[in-house]
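Asks: coordinates only, sequence not included:
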């Protein structure tokens, strides 16, 4: 097959978009800004969901489901929150269509008394519900997660990275004390970081956002930030400490152990189908996707190379036995014995789709008891004893998972630069990109000016950053810690 | 705990509603007609999803995701389809709010050029996508499923049974021939029937709808129909043969093997959170839920009865070992060692929540090496050797699953009545309810008249019904087969 993929070095953005479509992950739909997630893409998302869901349950959370619609007045209860989301809301105003001579139109008699907003996030509808769920300290902590679709009317959209509708999970928890809520916020950031590193094979910086970049309605936003191959950062997950903001907006109080009555403390945290974009952009190459084995829907593809039915039968017998043995070890295997395509076409197709390991077996292999094993990440090929594959392949998958992570980790290390002057800062951004570690005076004014002049934003104040005396590169004011700047998705 | 549940015999409808709320399954939200699915209810739904999803995959289907919104013009492409759904559509007309002196209002400058409908079902948006997915016979069959939320603006809603927003799965497949599409339609009806009977423990009638009751846009609608304890039927799943209707509406053609160009044949099929209502209404009693073990989030609850820390420690040691052994067998166990509630309260709570097996262990049990085992379905209690529980409980869970099914099956048998006259028909409907098997002349006029006069509808023409000469009870016209009438949800 002809892939017709642009090269990353020529047009990274076009490469990404074409790859997402050609590899069968997603495509644009007839509805502005809304994507269709295709079966192969959805299969990866399902794997992400399953792992994350298990991690949420292991940390004590239960799933629930809240309405898609939010009454307009609810969204307005928390001042920062509505300000943050009002500009990009899909608004339902009517509940009926009717047939007229000009075709089907909205029935003007079916106007809603109060408009409904398609949820851009669910804090308001959920906290309005929590009011009746929380009475006493015995009802706390309340640890709930929701898997759902949300809508934010973005004007410039890109498959997975920024779409009008996207899929996500949103955790919403309520606690008796600020300390517990902050611990929850940090714990979920750590869950996200672990997922990103162990499954997506994406090293991330754990940090906290500046006030300017906080979630609308939060007191603090923790985040994980990854670096893509074009040197731009991508926010891969956020976890918010909401303080008592939503408890106050929706009057959620609890009876304390010693008979008092207090507002509860809240958190919310989410990751979305944006992670699919991170997965693609962090590892893939000019030949197609490179999927980390732990999230690959097909981990091993086996292609027979044969002349005639008899050879195929001999190969199939061996392959089906191997397939069964690997599947018994929990490995997902596809035997691509289509007779409508040639091996070269199949190799290219599975390369495009990022299958971590490809096994080819032909007539000479039959004679020698061997098979050709090719790994997607390094493109290395080797000849292996066929009988050893049941052990060799699981080990190889682990090695690939680690290698993909190491490669991304090294890339990030090479693209993380400390600078002390604004000139250096601008030069690094223009030449190699990546994370730039610089001192900052802590003001939104300076942050805003740097963004206007360079398009770089403060991705986060990293949790692991050491204290270090310095001065802001722009204003010369004192600073105690470097922060992570980058251009970002 | 005081349950405060109404009795079924006094007010079945109120009993249902109160039970759904008190058992923690769902509640009404601030948004008209939209429910909140609470963690315990959602845990059951997740189990349903997992089993169904495995069944769909085992029959060759993949999941994908399509937009929440449907352009108004798309919905209108298939004439019957838009007529069926136009009256209950949530319509998005604007994409922005703005702050004014009177608060937050819809921004009149942000009106959509074309209104978007929140999907009531996804045939139109999916078939518009299939146009580019299907070119040749090699692309067929296309076997796709979607898990999603949908919105139908129902005026009279009831938790799970009829809500403005609900969760469901919708399969949408495309085939080269009518025969294949019909086979798929029947296969998915059979998958639903198997799920209903083996997991929900609900015996169902497999059948086909009359033209009047067909899905809007289908040539045939297959369905499964269950019977609730109040003698009303409940449609638990439908599978539609769409013919070439949507292929023609969206111009989806394929190149045949011999070089022709033809419209593809379609099916769609779905089950929803309505199954939760069926589950509750089919089995539960005046004390609370009765959950079939295969769908119960907690299959076994263990309650210690103790005086003092030392006794509790002795009991806990034994219980935790048992819990581990049962969990190793895939059984979900909760050890309710809360010190804030008394055993009687706990017993009542788990009874309300329908946990299939309750184990209580007290001081005398410690001495005797025994435990008290109570089953939720029959309320029988027995004393068992503690060491035997690891084997006894799994067998008991199987027995409970079977018993719940048998009970529902017997109920249905007792409430399925053959009648030959309209007088009998009306009398049966008024006195015992249930399914009434009667001859029908095959016309929509007669069907409509019976509905108006008795509120009973034809639930289906059962696939397993024998041919039998007879005459329509109302018109006296000839009939070849009895059909299933009932009042229905």
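Replies: Here it is on my side, so go on. If you're wondering where the values come from, they're calculated on a predicted model, not measured in any experiment.
Asks: can you pull the contacts of residue A:28?
Replies: Residues near residue A:28 by Cβ atoms under 8 Å, 6 or more residues apart in numbering or on different chains: A:35-36, A:159. (C-beta placed from N, C-alpha, C; glycine too.)
Asks: just the closest of those to chain B, please.
Replies: residue A:36 (5.4 Å; Cβ to the nearest Cβ).
Asks: count of neighbours near the closest one?
Replies: Around residue A:36 there are 23 other residues, counting by other Cβ atoms under 10 Å in any protein chain shown.
Asks: what helix or strand is it on?
Replies: strand A:35-37 (DSSP states H and E).
Asks: now that strand, how far from the centre of its chain.
Replies: 15 Å (Cα atoms, centre = their mean, to the nearest Å).
Asks: the helix or strand following it near chain B anywhere?
Replies: Under the assignment DSSP H and E, the closest C-terminal helix or strand after strand A:35-37 is helix A:39-58. Yes. For helix A:39-58 and chain B, the contact criterion (Cβ under 8 Å from any Cβ of the partner chain) is met by A:39, A:42-43, A:45-46.
Asks: could you check the angle helix A:39-58 makes with helix B:39-58?
Replies: With axes from the mean of the first three to the mean of the last three Cα atoms, to 10 degrees as the basis, helix A:39-58 and helix B:39-58 are set at 150 degrees to each other.
Asks: how about helix A:39-58: buried residues?
Replies: For helix A:39-58, the neighbour count (16 or more other Cβ atoms under 10 Å in any protein chain shown) marks A:39-48, A:51-53, A:55-56 as buried.
Asks: what is the rounded mean pLDDT of whichever helix or strand comes after that helix?
Replies: As assigned by DSSP H and E, the chain's next helix or strand after helix A:39-58 is strand A:62-63. In this model, strand A:62-63 has a mean pLDDT of 98.
Asks: contacts for strand A:62-63?
Replies: So strand A:62-63 is contacted by A:53, A:56, A:143-147, B:39, B:42-43, B:46 (Cβ under 8 Å, 6+ apart).
Asks: paired strands for that strand, with orientation please.
Replies: Sheet pairing here is set by DSSP bridges, and for strand A:62-63 it gives strand A:142-151 (parallel).
Asks: elements contacting the next helix or strand after the partner strand?
Replies: Sequence-wise, the next helix or strand downstream of strand A:142-151 (DSSP H and E) is strand A:165-175. Secondary-structure packing of strand A:165-175 (3 or more Cβ pairs under 8 Å, 6 or more residues apart in numbering or on different chains; DSSP states H and E): helix A:39-58, helix A:123-133, strand A:142-151, helix A:178-198, strand A:265-272.
Asks: can you tell me the closest non-neighbouring residue to the closest residue to chain B within the stretch 301-450 of chain A?
Replies: Distance from chain B to each residue of the stretch 301-450 of chain A (Cβ to the nearest Cβ) is smallest for residue A:340, at 6.7 Å. Distances taken as Cβ to Cβ, 6 or more residues apart in numbering or on different chains place residue B:138 nearest to residue A:340, at 6.7 Å, with adjacent residues excluded.
Asks: neighbours of residue A:6, just the number please.
Replies: A count of nearby residues for residue A:6, using other Cβ under 10 Å, gives 16.
Asks: three-state assignment of it?
Replies: Here residue A:6 is recorded as coil under DSSP: H, G, I helix; E, B strand; the rest coil.
Asks: residue A:160 versus that one, what's the distance?
Replies: 18 Å (Cβ to Cβ, to the nearest Å).
Asks: do residue A:208 as well
Replies: 25 Å.
Asks: and if you look at residue A:368?
Replies: For residue A:368, the distance to residue A:160 - Cβ to Cβ - is 44 Å.
Asks: and if you look at residue A:266?
Replies: From residue A:266 to residue A:160 the distance is 29 Å (Cβ to Cβ).
Asks: pick out whichever of these two has more residues nearby.
Replies: Neighbour count, other Cβ under 10 Å: between residue A:266 and residue A:160, residue A:266 has more, with 30 against 25.
Asks: in stretch A:6-22, which residues are buried?
Replies: A:6, A:8, A:12, A:15-17, A:19-20, A:22.
Asks: cool, and stretch A:411-421?
Replies: By neighbour count with 16+ other Cβ under 10 Å, stretch A:411-421 contains the buried residues A:411-412, A:415-417, A:419.
Asks: which SSE is the residue found closest to residue A:266 once you drop the neighbours it is linked to in the chain in?
Replies: Nearest non-adjacent residue to residue A:266, counting by Cβ to Cβ, 6+ apart: residue A:242, 3.8 Å away. Assigned by DSSP H and E, residue A:242 belongs to strand A:233-243.
Asks: what's the longest helix seen in chain A packed up against?
Replies: Determined from DSSP state H, the single longest helix within chain A is helix A:389-414. When contacts are defined as 3+ Cβ pairs under 8 Å, 6+ apart, helix A:389-414 packs onto strand A:220-227, helix A:274-283, helix A:308-328, strand A:357-361, strand A:370-375.
Asks: one more pass at 10 Å, please.
Replies: Here helix A:389-414 touches helix A:178-198, strand A:220-227, helix A:274-283, strand A:300-304, helix A:308-328, strand A:357-361, strand A:370-375, strand A:381-385, going by 3 or more Cβ pairs under 10 Å, 6 or more residues apart in numbering or on different chains; DSSP states H and E.
Asks: next secondary structure element downstream of that helix?
Replies: That would be, after helix A:389-414 and using DSSP H and E, strand A:416-418.
Asks: off-centre distance for that following strand?
Replies: The gap between where strand A:416-418 is centred and where its chain is centred comes out at 24 Å by Cα atoms, centre = their mean.
Asks: for stretch A:175-184, same thing?
Replies: Distance of stretch A:175-184 from the chain centroid (Cα atoms, centre = their mean) equals 26 Å.
Asks: buried residues in that stretch?
Replies: A:175-176, A:180-182, A:184.
Asks: closest to chain B out of those?
Replies: Nearest member of the buried residues of stretch A:175-184 to chain B, counting by Cβ to the nearest Cβ, is residue A:176, at 15.2 Å.
Asks: would you agree the closest one is in contact with residue A:257?
Replies: Yes. The pair residue A:176 / residue A:257 is scored as a contact, 8.6 Å apart, by Cβ atoms under 10 Å.
Asks: what touches both of the two?
Replies: Common neighbours of residue A:176 and residue A:257, using Cβ atoms under 10 Å, 6 or more residues apart in numbering or on different chains, are A:136-138.
Asks: now list the buried members of these.
Replies: By neighbour count, with 16+ other Cβ under 10 Å, the shared contacts of residue A:176 and residue A:257 hold residue A:137 as buried.
Asks: the shared contacts of residue A:176 and residue A:257 into TSV, with extra columns for distance to residue B:352, secondary structure and pLDDT?
Replies: Listed next are those as TSV, based on distance: Cβ to Cβ, whole Å; DSSP: H, G, I helix; E, B strand; the rest coil; pLDDT from 0 to 100:
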residue	distance to residue B:352	secondary structure	pLDDT
A:136	20	strand	96
A:137	23	helix	96
A:138	18	helix	93
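Asks: nearest to chain B among the shared contacts of residue A:176 and residue A:257?
Replies: Nearest to chain B among those: residue A:138, at 6.7 Å, using Cβ to the nearest Cβ.
Asks: for the closest one, give me its contacts.
Replies: Contacts here follow Cβ under 10 Å, 6+ apart; on that basis residue A:138 touches A:176, A:254-255, A:257, B:338, B:340-341.
Asks: from those residues, which has minimum pLDDT?
Replies: Where pLDDT dips furthest among the contacts of residue A:138: residue B:340, at 87.
Asks: where does it land in three-state SS?
Replies: Going by three-state DSSP: residue B:340 is coil.
Asks: and it, how many neighbours?
Replies: Neighbours of residue B:340 (other Cβ under 10 Å): 6.
Asks: still on that earlier bit, so which of the contacts of residue A:28 also contact chain B?
Replies: Applying Cβ under 10 Å from any Cβ of the partner chain, the subset of the contacts of residue A:28 adjacent to chain B comprises A:35-36.
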